[in-house]
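Novice: Build me a structure from this.
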Amino acid sequence: MDEFWGVETETSLRAVDVYITKLRDKFSRCTGFTIKTVRGLGYKAVLK
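Specialist: You can find the predicted model right below:
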């Protein structure tokens, strides 16, 4: 997270999760891909 928001930010550790949830909602009607959680690594877009 330091690369995105800087070392001295007050951004919550859950901020990325919130953004991913919002992206999943926006792309919920898209049938071409999904956003999957990769435990311990992050997220990835998977083509169907």
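Novice: Against residue 44, how distant is the most centrally placed residue in the chain?
Specialist: The residue lying closest to the centre of the chain (C-alpha atoms, centre = their mean) is residue 20, at 3.1 Å. Shown here: residue 20 relative to residue 44, a distance of 11 Å by C-beta to C-beta, to the nearest Å. For glycine as for every other residue, the C-beta is placed from the backbone atoms N, C-alpha and C.
Novice: so what sits against both of those two?
Specialist: Common neighbours of residue 20 and residue 44 (criterion: C-beta atoms under 8 Å, 6 or more residues apart in numbering): residue 35.
Novice: coming back round to it: look up the closest residue to the residue nearest to the centre of the chain, ignoring the ones flanking it.
Specialist: Leaving aside its sequence neighbours, residue 20 sits nearest to residue 43 (C-beta to C-beta, 6 or more residues apart in numbering; 5.6 Å).
Novice: what does the one helix or strand the one you found maps to contact?
Specialist: In this assignment (DSSP states H and E), residue 43 forms part of strand 42-47. With contact meaning C-beta under 8 Å, 6+ apart, strand 42-47 is reached by 16, 20, 32-38.
Novice: Next step: the residues you listed restricted to strands.
Specialist: 33-38 (DSSP state E).
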